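Colleague: sequence and computational prediction follow.
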Amino acid sequence: MKTLFRYLKIAIVSGAISFALISITINFMDKRIKEELPNFMNASEDIKILTDTLSLCTGLMLSNPIKQNHETCKLISSKLEVKVEKLKEDNPYINFYTTYIKRQEF
């Protein structure tokens, strides 16, 4: 009977410690994500604008395939890639959430 209470005590203490650590981690991530959110939203808006511009440029290039249109689309595409990479670098907690945690949801 003593060993049963001992194991029960170990399980309760382990559960309490795990719960505390999970709560601390969640609060930390929540705080960091809220700090990054305004910059993330501004950068996302810029990326959306570049994406729309690239779509228009691609349509123009398909209807009028000249070298200037091709070069313009390549320039917009490279700017878009740079913006996306900068967004990921500048917002590590949001990037972590969207890359790893969000994918785990069913």
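Modeller: Great, that's in hand.
Colleague: quick one: least confident helix or strand in the chain?
Modeller: Least confident helix or strand, the chain: helix 102-104 with a mean of 65, by mean pLDDT, DSSP states H and E.
Colleague: so which elements touch the top helix by length along the chain?
Modeller: Longest helix of the chain, by residue count under DSSP state H: helix 2-63. Contact analysis of helix 2-63 by 3 or more C-beta pairs under 8 Å, 6 or more residues apart in numbering; DSSP states H and E lists helix 67-90, helix 92-96 as its packing neighbours. C-beta: built from backbone N, CA, C; applies to glycine.
Colleague: please report how far the residue in the chain sticking out farthest from the centre lies from residue 14.
Modeller: Relative to the average C-alpha location in the chain, and by C-alpha atoms, centre = their mean, no residue lies farther out than residue 1, which sits at 50.6 Å. Taking C-beta to C-beta, to the nearest Å as the measure, residue 1 falls 20 Å from residue 14.
Colleague: then residue 87?
Modeller: Relative to residue 14, residue 87 is positioned 39 Å away (criterion: C-beta to C-beta).
Colleague: which one of those two is surrounded by more residues?
Modeller: Between residue 87 and residue 14, counted using other C-beta atoms under 10 Å, residue 87 has the larger neighbour count: 18 against 10.
Colleague: against residue 42, how distant is the more buried one?
Modeller: Taking C-beta to C-beta as the measure, residue 87 and residue 42 are separated by 10 Å.
Colleague: contacts only, for residue 50.
Modeller: 76, 79-80, 83 (C-beta atoms under 8 Å, 6 or more residues apart in numbering).
Colleague: least reliable of the helices and strands packed on helix 2-63 going by mean pLDDT?
Modeller: For the helices and strands packed on helix 2-63, the stretch scoring lowest in mean pLDDT is helix 92-96; its value is a mean of 82.
Colleague: centroid-nearest residue for this protein?
Modeller: Per C-alpha atoms, centre = their mean, the C-alpha nearest to the average position across the chain is that of residue 95, at 2.5 Å.
Colleague: contacting residues around it?
Modeller: Counting by C-beta under 8 Å, 6+ apart, residue 95 touches 87-88.
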